[in-house]
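Below are the sequence and a predicted model for it; my questions follow.
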Amino acid sequence: MYHFFVEPSQIGEKDIVITGADVNHIKNVIRLKPGDEISVSNGIDGRDYRCGIVAITENEVQCELRFIKEDGVELPAKVYLFQGLPKGDKMELIIQKMVELGVYEIIPVAMQRCVVKLDDKKAKAKIARWQGIAEAAAKQSKRGIVPQIHAVMSYKEALAYAADMDCRLVPYEMEESLDGASGMAGTKKLIETIKPGQSVAIFIGPEGGFEDSEIQNAISQGMKPITLGKRILRTETAGMTAMAWIMYQLEE
């Protein structure tokens, strides 16, 4: 079943109207017809509105609301990915897969070892493209919301944004060299403390990893270094691994 996002104002008590670029997609790409069933979300409340297409015009798709599926597909905790800016198009892959896994927000972060430097004009264009990728991934995975892709933050800004979150994790390949390191056993215990209703921050370094000063700064602010295993993971793999563990912990 195809899934689409609309504004809350487009959802009535008994009908739903789809407008914009999705009209052309429905008419000319996937070629749906009156009578076909689709699912719709407003991107806010996580509900899945099931409806049938009644009519397709030049500018809108008119649908009849059939029922609302309350138990959506969202994780019971909000997971925020703070991703050090990677090279090339890796960020696109990261966004796509993290949205599929259930991330709530993605915050690109300019860290010391980031090779990519974005000026304001390039950053705005990138964010717009990344948001489009997030929406497409949310449609494909039938998410109830479209995760927000934030403007690029500095490391200091990112730490401040995460300061009040319930659980703050920093996967670090040298975790076992730190004072008080707990290895995989400690990481498992930390993951197991995550409960429904909480907010979780995951900080992922760029290709070159974190500077020692960034790790020490994070620890001084109460963040918890964890290990993702004995193998060194690429930046595009690390966040997905942590996210998969959290999803395993939370979903029933």
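Arrived safely, thanks for sending. Because the structure is a prediction, the values reported are computed rather than measured.

Mind pulling the model confidence for residue 65?
Per-residue pLDDT puts residue 65 at 93.

Same question for residue 121.
83.

Would you double-check that it falls in a helix?
Yes - counting by DSSP: H, G, I helix; E, B strand; the rest coil, residue 121 is found in a helix.

Can you report how many residues lie near it?
Look at residue 121: counted by other C-beta atoms under 10 Å, it has 8 neighbours. All C-beta atoms are positioned from the backbone trio N, CA, C, and that covers glycine.

Enumerate every residue touching it.
Not one residue lies near residue 121 by C-beta atoms under 8 Å, 6 or more residues apart in numbering.

and the gap between it and residue 128?
11 Å (C-beta to C-beta, to the nearest Å).

same deal with residue 67?
In this view, residue 67 and residue 128 are 35 Å apart by C-beta to C-beta.

And residue 192, by the same measure?
According to C-beta to C-beta, residue 192 and residue 128 sit 38 Å apart.

what's near enough to touch residue 42?
Applying C-beta under 8 Å, 6+ apart to residue 42 gives the contacts 5, 6, 7, 8, 10, 11, 49.

Can I get those in JSON lines including secondary structure, pLDDT and distance to residue 18?
Listed next are the contacts of residue 42 as JSON lines, based on DSSP: H, G, I helix; E, B strand; the rest coil; pLDDT from 0 to 100; distance: C-beta to C-beta, whole Å:
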{"residue": "5", "secondary structure": "strand", "pLDDT": "90", "distance to residue 18": "9"}
{"residue": "6", "secondary structure": "coil", "pLDDT": "90", "distance to residue 18": "6"}
{"residue": "7", "secondary structure": "coil", "pLDDT": "90", "distance to residue 18": "10"}
{"residue": "8", "secondary structure": "helix", "pLDDT": "90", "distance to residue 18": "13"}
{"residue": "10", "secondary structure": "helix", "pLDDT": "93", "distance to residue 18": "7"}
{"residue": "11", "secondary structure": "strand", "pLDDT": "92", "distance to residue 18": "10"}
{"residue": "49", "secondary structure": "strand", "pLDDT": "90", "distance to residue 18": "11"}
